[in-house]
Structure formats: structure tokens, C-alpha cells
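Asks: next one to model:
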Amino acid sequence: MERPAGVTIIAILGFIAGALAAIWGLWMLVGGALMSAMAHRHAGMMLGMTGTFAGVVLLGLAALVIVTSIGLLKLQEWARILTIVLNAVHLVIAALGLLDAFRNIHIPFFVGVMLRHIVMLAIGIWIIVYLVQPKVKQAFATRAPAAR
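Replies: Numbering: from 1, shown residues only. As a prediction, the model looks like this:
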């Protein structure tokens, strides 16, 4: 069975998200180093450690998302399951962000943040619903032996 178009779209979205997370992670690493060099000793050290930790986490997440996207393109079942899990976690984070945006709705900037979270929730829900459809699950189960 050939790869469904939606799986290709999800993989492309994953590559974009992974690249953005990697760029953000690198910025956090550089920012942490700059903060530690510019601030007072203890505060700078804490800011530097926080930036470094966040950067490393983001780079690890970026690598995970990119590897998972490659697995989706190869119709690997583990990649389908991991994509569902990662999107479920992302839905929780986006929902919390949306609640925070509602709490700050009086600030004009947060209307844009609220809309971004709504779009991210919609995309995450679509990905999960799409990947659990029987036809899509079958495509992962019946991939060609040469693709293994």
C-alpha cells in the first residue's frame, strides 16, 4: 500500500517543527551563555544554566521530532504511535497556553497568542484523529517488505 498523503503532510509539519525547535534551542544556548557572561555572578550562573538546560531539551526534542518524521515517511508503526503521543502532550501544553491567554485577554497581544493556541490545538487534534483512522493504521501495518 502506498503512503497516504496525510502522512506525508504530517511528516513535513514535523520537519518544520523540528527545525524551528532546533533554531530555538540554539538561541537558548547562546542566550544562556550571554546571560551568564553579562549578569551578576549568581544570577548570571542561574540564567545561564536555565538557558543551557532549555536549549538542550529543545535540541533533543527537535531531534526526536525529525527522527519520528523520517519514520512516518517510511511508514514505521513506532513513528505513528510516537507522533500520537507527542501530539497528545502538545495538546495539553497548548490547552494550558490557551487558558493563560484567556486569563490575559484584556492585553491585545494575547489575542494573537490565543489564536495561535487555537490553531495549534486544531492541528494537533487533526493529526491524532487522522493517525488513528483504520485506513491509515492499515497503511503502517501493510508496508512493503523492502521498506523495512
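Asks: rest of the way, CA atoms for contacts and neighbours
Replies: Noted.
Asks: helices along this protein, start to end?
Replies: In the chain, the segments counted as helices under DSSP state H are 5-38, 41-73, 77-103, 108-131, 134-141.
Asks: output those as CSV; include the columns mean neighbour count.
Replies: CSV is the format used below for those (neighbours: other C-alpha atoms under 10 Å):
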stretch, mean neighbour count
helix 5-38, 18
helix 41-73, 19
helix 77-103, 17
helix 108-131, 16
helix 134-141, 15
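Asks: redo these as JSON lines? Include mean pLDDT.
Replies: Supplementary listing: the helices of the chain in JSON lines, determined by pLDDT from 0 to 100:
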{"stretch": "helix 5-38", "mean pLDDT": "90"}
{"stretch": "helix 41-73", "mean pLDDT": "88"}
{"stretch": "helix 77-103", "mean pLDDT": "90"}
{"stretch": "helix 108-131", "mean pLDDT": "88"}
{"stretch": "helix 134-141", "mean pLDDT": "93"}
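Asks: what sits against the residue nearest to the spatial centre of the chain?
Replies: Closest to where the C-alpha atoms of the chain average out (C-alpha atoms, centre = their mean) is residue 17, at 5.5 Å. By C-alpha atoms under 8 Å, 6 or more residues apart in numbering, residue 17 lies in contact with 62, 65.
Asks: could you check the distance from it over to residue 68?
Replies: Applying C-alpha to C-alpha, to the nearest Å, the value for residue 17 to residue 68 is 12 Å.
Asks: for residue 90, see how far away residue 97 is.
Replies: Residue 97 sits at a distance of 10 Å from residue 90 (criterion: C-alpha to C-alpha).
Asks: any idea how far residue 48 is from residue 38?
Replies: Residue 38 is 10 Å from residue 48, where distance means C-alpha to C-alpha.
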